[in-house]
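1. next one to model:
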Amino acid sequence: MSEDTEVRRGDVVIVRLDPAEGHEMKKTRPAVVVQNDVGNKNASTTIVAPATGTYRGYPFEVLVEAAKSPFEKDSSIRLDQVRVVSIEKRIHSVLGSLDTETMEAVDEALKLSLGLD
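-> Numbers count the residues shown, from 1 in each chain. Next up is the predicted model:
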C-alpha cells in the first residue's frame with residue numbers, strides 16, 4: 001500500500017506475514033486491524049490479528065461468517081497471533097470492515113489473550 005493509505009480499527013486487510021518463525025501464522029492472508037485509530041493515523045505500523053479458515057474453538061478465536069463480513073469464506077480471527085506490521089510494506093489492500101458486534105467479540109477475545117480482564 002502507499003504511505004498515504006489509511007487503515008482503521010476493524011478493517012479487514014490482506015497482509016503478508018512471511019517471513020515467519022516456528023508456529024507464527026504464515027503466508028499472505030486476511031487479518032483484522034486491532035490497533036486504535038490514533039495509532040493508525042500517527043504511525044507507519046499497525047497491529048493486526050490474522051485470520052484462517054480453520055476454527056478450533058479456542059476462547060481467543062472469533063468465528064466470522066463470510067456472509068456477514070468482507071472475508072471470502074467463514075474465518076477464524078486468531079487473537080493469540082497478533083503482531084505489529086508495516087502498513088506500507090506488509091499490507092496489500094483493505095477488503096472492508098467488520099461490524100460493531102463482531103468487533104466487540106474481537107475485543108473480548110483480545111482481552112482474554114492479553115490477560116487484560
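2. confirm Lys26 sits in a helix?
-> No - Lys26 sits outside any helix when classified using DSSP: H, G, I helix; E, B strand; the rest coil, being coil.
3. for it, give its distance to Val62.
-> 20 Å (Cβ to Cβ, to the nearest Å). For the C-beta atoms, the positions are set from N, CA and C on the backbone; glycine is no exception.
4. again, but for Val32
-> With Cβ to Cβ as the criterion, Val32 and Val62 are 9 Å apart.
5. common neighbours of these two, please.
-> 77, 106 (Cβ atoms under 8 Å, 6 or more residues apart in numbering).
6. just to revisit the earlier point, which one of Lys26 and Val62 has more residues nearby?
-> Taking other Cβ atoms under 10 Å, Lys26 and Val62 do not tie; Val62 has more neighbours (25 against 13).
7. can you give me the buried ones in the helix or strand containing the more buried one?
-> In the assignment (DSSP states H and E), Val62 maps to strand 61-64. Across strand 61-64, burial judged by 16 or more other Cβ atoms under 10 Å covers 61-62, 64.
8. going by distance to Arg78, which of those wins?
-> Using Cβ to Cβ, the shortest approach to Arg78 within the buried residues of strand 61-64 belongs to Glu61, at 5.9 Å.
9. per-residue pLDDT, that closest one?
-> In this model, Glu61 is scored at 98, pLDDT.
10. from memory it sits against Ala109, does it?
-> Yes - between Glu61 and Ala109 there is a contact under Cβ atoms under 8 Å: 6.6 Å.
11. about what we covered before: now the buried residues of strand 61-64 in TSV, with distance to Asp18?
-> As requested, the buried residues of strand 61-64 are exported to TSV (distance: Cβ to Cβ, whole Å):
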residue	distance to Asp18
Glu61	22
Val62	24
Val64	23
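12. nearest to Glu21, of those?
-> Using Cβ to Cβ, the buried residues of strand 61-64 come closest to Glu21 at Glu61, 21.3 Å.
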